[in-house]
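Undergrad: here you go, sequence then predicted model.
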There are 2 protein chains.
Amino acid sequence: MKGRQTTIKDIAKKLNISVSTVSRALRGLPDVNDETRRAVEDLAKKLDYHPNAVATSLVKSKTYTVGISIPNFVIHFYSSAIVGIQDVLAPAGYNIMVCQSNESYDHEVKNVQTLVNSRVDGLIVSQSLGTQDLRHFQSVVEKGIPLVSFNRTLDGLPASKVEVEDYEGAFQAVEYLIHTGCRRIAHIAGPQNLRISQSRLRGYRDAMAKHQLHIYEGYIVYGDFSIESGKASMSQLLELSPMPDAVFVVSDHPAFGVLSGLKERRINIPEEISVIGFTDEPFCSLIEPSLTTVAQPTYEVGRAAAELFLKWIGDKDHFQPEMRVLKTELKVRNSTRRLWM
Amino acid sequence: MKGRQTTIKDIAKKLNISVSTVSRALRGLPDVNDETRRAVEDLAKKLDYHPNAVATSLVKSKTYTVGISIPNFVIHFYSSAIVGIQDVLAPAGYNIMVCQSNESYDHEVKNVQTLVNSRVDGLIVSQSLGTQDLRHFQSVVEKGIPLVSFNRTLDGLPASKVEVEDYEGAFQAVEYLIHTGCRRIAHIAGPQNLRISQSRLRGYRDAMAKHQLHIYEGYIVYGDFSIESGKASMSQLLELSPMPDAVFVVSDHPAFGVLSGLKERRINIPEEISVIGFTDEPFCSLIEPSLTTVAQPTYEVGRAAAELFLKWIGDKDHFQPEMRVLKTELKVRNSTRRLWM
DNA sequence: TTGTAGGCGTTATCAA
DNA sequence: TTGATAACGCCTACAA
């Protein structure tokens, strides 16, 4: 039994009634004779009829699917966010179409384009590292398609946004380092085209300033979100004199690179250098030493993004893009010293 | 500019030509006057026209999307497989629609149903733990929809399958334990409705038999793929006397549970007990002690699954379901003793 | 309560 | 080289 699936036409023909009657019966509309309805339902079940969503989408101009574009599936932050998204969207009847940009601008543009061509009802995205030009997102908005960005948020676009308290989290982390006695605190920063990187850098700066700590030349190093980058940045920092006694890293993966760089050189953590990351990837509590980090509620970020989409789609004509900011939490582990009691 | 996107009708009207001409021009078909074509293309660009994939799908009965149902996004094995799938499918023009079953049979059935209703061109799946009844997959096949399963493979169905050398990998792992001097080797097995669990158990049994090692009563414990389950199984094993001197665990997550259970009781790894897992999740090399494991080529598994789909769809009438078996590799780390030299 | 007709945005088959 | 016209599977007036 290959090929065509059964349609309302098939049912109509066999029952010698019109397709509209079948359609009505199947959708539980009133004004259908009970007998007819039963007959239709029975036959539908027997023929394993299921409405063709493609056809319905076409007439309703609504696909009940939302497109997702993220940099990377295998990073826990993103996969966890997707779970959050799906947990909110599925009960509302939406499917998700997922694309990975692999941190490439070109891929991202292509992804967004195919998703739009598929007439998704909305887009939930976290931009790639390579993205500077936001016109492809701009055009999504202009087409009237609800657009929600999370984590790496679309600056200056009328899109809804889900962020976490990057500034506050960073501030708190650095202040914690100071409270534990660190003074020469360095920062391995992220790409500055992303607001998250900027905010975390500002948090670092302000915390240092608040405690009248000077930021030595070269104590701020710029990298990306990879392990290797973290390792390289740490090497750079280790050439400085005096050596920093703490590093606040923009994200967990580079922080992991920092740890492994330090371990290779047999520098004691946290006695000689404290390290703090950002996000709380699962590996943070598994590695040795376990990594102190600013935890983000990744699953909740996904949920919030999906909720903002639903809110938007629920009132397409009046909805104003909205921003949701979730809390972070400092998780103290063994890569930092304990507080003085 | 909200609402409707531009259609070929809009273009046709503005240019005072018929939609069929526009359609032909846009698709680069021959038999179109150069001037007309240029005019159409220019206007299309100007109006930011992009074909409505929903409409095309309807007339072509082809959506160029394949549905994916997996137990869990956040397990690296699956997200990595998805990346492999997407890397093969995207260049071929296919999108993916992803669903997570969360190890629930009901979810899985629903997922498969919506995917089929969306008229996906094929399905790539890894069944949930709770799935015993395979009728929902059976019906997919009967509808003539290409179905390929990976990892947790659909036994007895005419679906393509991607597996790894579960038996051989397990055999090799256990034999390695024996070579390092272990004799009282236990096995924490997986759910026996899954072939992977069965194969790995057989591998264990046969390796023991080959070396004339007796399998003590109670040395085989059954669990699932969770950390907690691994920990619980280990507790069970530790009550036995004599205590095993090695454990081969069906998967990395429970193996991780085993390690943490052992560490809590201050049992030395690998001196007192060796541990081997299966899959090589990224955390294996990060934890302390690092986990010896049978590595699976997760990304390649995804690629292979996607390739099998393409092969099937490429010759829908004659294709016979096919099975691909990928190699595993024992990664020796610090949770096992070294080989005698 | 049911049927007819038109449309959703394309493609495909004829004629012209 | 172009234009009608009829699909694709379903929904929605409107008419019967």
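TA: Good, I have the coordinates.

Undergrad: does A:Arg38 count as helix, strand or coil?
TA: Here A:Arg38 takes the helix state, with states given by DSSP: H, G, I helix; E, B strand; the rest coil.

Undergrad: I meant A:Asp48, not that one.
TA: Secondary structure for A:Asp48, judged by three-state DSSP, is coil.

Undergrad: next up, phi/psi of it, please.
TA: As for A:Asp48, its main-chain torsions (degrees, to the nearest 10) stand at phi 50, psi 50.

Undergrad: what is the burial count for it?
TA: Residues within reach of A:Asp48, counting by other CB atoms under 10 Å in any protein chain shown, total 13. Bear in mind the C-beta positions are built from the backbone N, C-alpha and C, glycine included.

Undergrad: ok, now which ones touch it?
TA: With contact taken as CB atoms under 8 Å, 6 or more residues apart in numbering or on different chains, A:Asp48 is in contact with A:5-6, B:139, B:143.

Undergrad: again, but for A:Ser104
TA: With contact taken as CB under 8 Å, 6+ apart, A:Ser104 is in contact with A:128, A:130.

Undergrad: per-residue pLDDT, it?
TA: In the prediction, the pLDDT value recorded for A:Ser104 is 95.

Undergrad: how far away is the residue lying farthest from the centre of chain A from A:Leu43?
TA: Note on chain A: the largest separation between a C-alpha and the mean C-alpha position, by CA atoms, centre = their mean, falls on A:Asn16 (51.8 Å). Here the criterion is CB to CB, to the nearest Å. By it, A:Asn16 lies 11 Å from A:Leu43.

Undergrad: same thing with A:Ser126?
TA: Distance, A:Ser126 to A:Leu43, by CB to CB: 47 Å.

Undergrad: looking at these two, which one has more neighbours?
TA: A:Ser126 (25 against 18).

Undergrad: is stretch A:275-293 in proximity to chain B?
TA: Yes - Stretch A:275-293 lies in contact with chain B when judged by CB under 8 Å from any CB of the partner chain; the contacting residues are A:282-283, A:286-288.

Undergrad: all strands for the stretch 1-150 of chain A, in order.
TA: Chain-ordered strands for the stretch 1-150 of chain A, with DSSP state E, counting those that start in this stretch as the definition, fall at A:65-70, A:95-100, A:122-125, A:147-150.

Undergrad: save those strands as JSON lines, and put in mean neighbour count too.
TA: Formatted as JSON lines, the strands of the stretch 1-150 of chain A follow (neighbours: other CB atoms under 10 Å in any protein chain shown):
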{"stretch": "strand A:65-70", "mean neighbour count": "27"}
{"stretch": "strand A:95-100", "mean neighbour count": "23"}
{"stretch": "strand A:122-125", "mean neighbour count": "27"}
{"stretch": "strand A:147-150", "mean neighbour count": "28"}
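
Undergrad: relative to B:Pro71, which of those is closest?
TA: Taking CB to CB as the criterion, B:Pro71 comes closest to strand A:95-100 out of these, the separation being 16.1 Å.

Undergrad: quick one, the closest one and strand B:65-70 angle?
TA: Direction vectors for strand A:95-100 and strand B:65-70, defined by axes from the mean of the first three to the mean of the last three CA atoms, to 10 degrees, enclose an angle of 90 degrees.

Undergrad: what's strand A:95-100 in contact with?
TA: A:64-73, A:82, A:85-86, A:89, A:107, A:111, A:114-115, A:118, A:120, B:65, B:82-83, B:86, B:90, B:95-99, B:114-115, B:118.

Undergrad: any idea how far A:Ser126 is from the residue in the stretch 101-250 of chain A positioned nearest to chain B?
TA: Proximity to chain B, evaluated over the stretch 101-250 of chain A using CB to the nearest CB, is greatest for A:Gly144 at 3.2 Å. Distance, A:Gly144 to A:Ser126, using CB to CB: 22 Å.

Undergrad: quick one: buried residues of stretch A:254-261?
TA: Of the residues in stretch A:254-261, those with enough neighbours to count as buried (16 or more other CB atoms under 10 Å in any protein chain shown) are A:254-259, A:261.

Undergrad: oh sorry, the question was meant for stretch A:154-161
TA: Applying a neighbour-count criterion of 16+ other CB under 10 Å, one finds A:154, A:157, A:159-161 buried in stretch A:154-161.

Undergrad: and of the residues you listed, the nearest to DNA strand C?
TA: Looking at those and their distance to DNA strand C, the nearest is A:Ala159, at 24.0 Å (CB to the nearest atom of the strand).

Undergrad: for the nearest residue in space to that closest one that is not next to it in sequence, what are its contacts?
TA: With sequence-adjacent residues excluded and distances taken as CB to CB, 6 or more residues apart in numbering or on different chains, A:Ala159 is closest to A:Leu147, at 4.1 Å. A:Leu147 is in contact with A:122-123, A:125, A:137, A:140-141, A:154, A:157, A:159-160, counting by CB under 8 Å, 6+ apart.

Undergrad: in JSON lines, list those residues along with pLDDT.
TA: JSON lines is the format used below for the contacts of A:Leu147 (pLDDT from 0 to 100):
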{"residue": "A:Gly122", "pLDDT": "98"}
{"residue": "A:Leu123", "pLDDT": "98"}
{"residue": "A:Val125", "pLDDT": "98"}
{"residue": "A:Phe137", "pLDDT": "97"}
{"residue": "A:Val140", "pLDDT": "96"}
{"residue": "A:Val141", "pLDDT": "94"}
{"residue": "A:Leu154", "pLDDT": "90"}
{"residue": "A:Leu157", "pLDDT": "94"}
{"residue": "A:Ala159", "pLDDT": "96"}
{"residue": "A:Ser160", "pLDDT": "97"}
